[in-house]
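[1] For reference, the sequence and a predicted model appear below.
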Amino acid sequence: PYHEIQPPPPAAAVPSAVGPKDKVPQPSPAQPVIQRPVFTGKDRTEPLKGFHKAMVKTMTAALKIPHFGYCDEVDMTKLVRLRLELKELAESRGVKLSYMPFFIKSNKFPLLNNLRWMKTSWCGVFQAAHNIGLAMDTTQGLLVPNVKNVQVLSVFDIAVELNRLQALGTSGQLGTADLTGGTFTLSNIGSIGGTYAKPVILPPEVAIGALGKIQVLPRFNSRDEVVKAHVMNVSWSADHRLIDGATMCRFSNLWKSYLENPATMVLDLK
Ligand code: CAO
């Protein structure tokens, strides 16, 4: 499978009238033989199927939404410590406790969690339930199951539910009940890597948040001392037809305050 490239024949000597002192141009040295590999790979066409086909539809519909982006930084230092303390306890009860249940439970601000866009009658629908979806990288591709009625669940309850959804996702068994009815989505891309994202809203929801990787970085404390902090960036996208910047900012501030001071979750969150 190789074409051999032969060196060019040596240039013929050209008789000239130049004197012995003049420089005679020398023929260039023979080029080395290069054996160029011939690539025999073929292009392949594969039809989109199942959930991937659904993703084409929803993401194409999402293109019609005027997305508004908003980012912030969250100091996760206290939460990192708290999760470490609780992780073992949760494990002794047979449950894996990641950061996701805290991210989900901190969605306390009304409006964004339960508002849905209803184009047919040009109105927003306020759903009583907070069904928080989470983007999940599964064997079937990207799926977004949701935890129903987060407003009445504890952080531990949410962890139990997430464990169930993750087990179903891993075995390719997530069904319609778990995949529909979401009112808001969180995408923890940081569990794989990356800091910022530009998440795309899952219609008819009106907002989505992407969480970056928690990184150990130097930051100033209140006494102007440099301290080691666990920092995470969050990138929100909201539907600007229904949500304005100030609302998004207030929502994000409250969400961030629960994560930065997780003790307040004990006080406030049901
Ligand atoms: N930064 C640093 N570490 C993180 C992290 C983050 N943002 N998020 C999770 N981790 C840690 C977890 O705490 C866990 O650590 P321990 O082993 O010490 O407990 C470890 O990473 C693995 O976590 P996990 O991925 O098993 O669990 P999770 O609840 O954090 O995340 C899920 C679950 C489903 C969100 C995740 O598995 C996933 O699929 N993420 C990808 C989402 C995605 O594809 N988004 C893009 C959508 S748009 O195409």
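    On my side now, so go ahead. Every value quoted in this text rests on a predicted model; they were computed, and no experiment measured them.

[2] drop to CA atoms for contacts and neighbour counts, all remaining ones
    Noted.

[3] who in the chain is up against the ligand?
    Selection of the chain residues close to the ligand by CA under 6 Å from any ligand atom yields 98-100, 135-137, 187-191, 211-214.

[4] What about these, which are in helices?
    Judged by DSSP state H, helices contain the following of these: M100.

[5] Out of the residues of the chain next to the ligand, which end up buried?
    98-100, 135-137, 187-190, 211-214 (16 or more other CA atoms under 10 Å).

[6] Could I get the full set of helices for the protein?
    Going by DSSP H, the chain shows helices at 50-62, 77-92, 100-105, 155-170, 176-179, 245-260, 263-268.

[7] With respect to these, which exhibits the lowest mean confidence?
    Mean pLDDT per stretch puts helix 263-268 lowest among these, at a mean of 84.

[8] now stretch 186-202, how far from the centre of its chain.
    Relative to the chain's own centre, stretch 186-202 is displaced by 2 Å; criterion: CA atoms, centre = their mean, to the nearest Å.

[9] Same question for stretch 232-246.
    Centroid separation between stretch 232-246 and its chain, computed with CA atoms, centre = their mean, is 16 Å.

[10] and if you look at stretch 156-165?
    Distance of stretch 156-165 from its chain centroid, counting by CA atoms, centre = their mean, is 20 Å.

[11] want to try TSV for the buried ones among the residues of the chain next to the ligand, with distance to P199 as columns?
    Listed next are these as TSV, based on distance: CA to CA, whole Å:
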residue	distance to P199
S98	21
Y99	19
M100	17
A135	10
M136	14
D137	15
S187	8
N188	11
I189	10
G190	13
L211	10
G212	11
K213	15
I214	18
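
[12] Lowest-confidence member of the residues you listed, which is it?
    Minimum pLDDT across these falls on D137, with 94.

[13] who's in contact with it?
    L143 (CA atoms under 8 Å, 6 or more residues apart in numbering).
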